[in-house]
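Chemist: sequence-free structure coming up:
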C-alpha cells in the first residue's frame, strides 16, 4: 500500500514511460493478496466446496502470473531499444507462455503453483534485468543513476526473482527444509525489501534520468 500511494503521488514523473502502468500492477497485486488472505481465512470466500480444499487460493496467483510476466516483458521490450534485445524479449515471452501451457499438462492450476514455469520465468526476467543494468551502466559511465526509476525497479525485481525459485522448489519438493527454515517468512522479508526499493525509486525518480 505504501508503494502504491507513493507511486500515485509521484505519478507525473513517470506516467509517459514504460512504467506508466506500474501503479495499476501494484494495485492489482494488493487486491490479489487481499483476496488470497480472505480465501485462506474465511470459508465464505472459498472457491471450492470440499472442506480439504476450501483454503486453496493458488488459482488466483496462477492467473496473476500471466498478467505479471506479460507486463514485465512489455516493460523490458520498451526500455531495451536494440533489435537484438527486443527480439530476445519476444523469444523469452514465448518461452514463458509455452512453459505455462506445458505445465498445465502435469499440474493442476486450481490446487498447485505452476512452479517449474515460475522458476523458468525468474531466470528469464533476471537475464533481462542484467542486460538492462549493463545498458544503464554504459549510459552513465560509472554506475546507473539513482534518479532513474528503472534502477530501483530492476533491483526490486531481481531480488525477488533471485529468491523465488528457491522458495517454490523447496515448498513443493523439500517441505521439511521449507518448514524448518521458515522460508515463507523469508519471502515476506524479501517482498518487503522489494517494495521498499520501489518506494525509494518513486521518491527519488526524476523524469530526465529515465532510460
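Modeler: Here it is on my side, so go on. As the structure is a prediction and not an experimental result, all values here were calculated from the model. Numbers count the residues shown, from 1 in each chain.
Chemist: tell me who's in contact with residue 126.
Modeler: 157-158, 161-162 (Cβ atoms under 8 Å, 6 or more residues apart in numbering). For every residue, glycine as well, the C-beta is placed using N, CA and C.
Chemist: buried members of the residues you listed into ChimeraX, please.
Modeler: Buried subset of the contacts of residue 126, written as a ChimeraX selection, criterion 16 or more other Cβ atoms under 10 Å:
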select :157,158,161
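Chemist: show me the contacts of residue 126 that map onto helices.
Modeler: 157-158, 161-162 (DSSP state H).
Chemist: now for the residues you listed: which two are most distant?
Modeler: Pairwise distances across the ones in helices among the contacts of residue 126 (Cβ to Cβ) peak at 9.4 Å, for the pair 157 and 162.
Chemist: what segments of the chain are helices?
Modeler: Going by DSSP H, the chain shows helices at 2-9, 22-41, 58-79, 83-103, 115-139, 149-173, 175-180, 183-204.
Chemist: so of the ones you listed, which one's packed in deepest?
Modeler: Highest mean neighbour count of the helices of the chain: helix 149-173, a mean of 20 (counted as mean count of other Cβ atoms under 10 Å).
Chemist: pLDDT on that helix, on average?
Modeler: Averaged across helix 149-173, the pLDDT comes to 96.
Chemist: just stretch 119-134 next, same as before
Modeler: For stretch 119-134, the per-residue pLDDT averages 96.
Chemist: with stretch 67-85 instead?
Modeler: The model assigns stretch 67-85 a mean pLDDT of 96.
Chemist: same check, this time on stretch 92-101
Modeler: Mean predicted confidence for stretch 92-101 is 96.
Chemist: from here on, count from 57
Modeler: Taking 57 as the first residue, the last one we looked at is stretch 148-157.
Chemist: residues touching it, excluding its own?
Modeler: 121-122, 125-126, 129, 170, 172-173, 176-177, 180-181, 183-184.
Chemist: got it, and stretch 215-229?
Modeler: With Cβ under 8 Å, 6+ apart, stretch 215-229 has contacts from 168-169, 171, 174-175, 177-179, 181-182, 185, 233-234, 239-240, 242-243, 246-247, 249-250, 253.
Chemist: residue 141 touches residue 183, doesn't it?
Modeler: No. If you go by Cβ atoms under 8 Å, residue 141 and residue 183 don't touch, sitting 10.7 Å apart.
Chemist: pLDDT score assigned to residue 197?
Modeler: 61.
Chemist: re earlier: nearest to residue 73, of the ones in helices among the contacts of residue 182?
Modeler: Among the ones in helices among the contacts of residue 182, and counting by Cβ to Cβ, the member closest to residue 73 is residue 213, at 15.6 Å.
Chemist: ok, that closest one to residue 90 distance?
Modeler: 22 Å (Cβ to Cβ, to the nearest Å).
Chemist: now do the contacts for residue 211.
Modeler: With the criterion set at Cβ under 8 Å, 6+ apart, residue 211 makes contact with residue 253.
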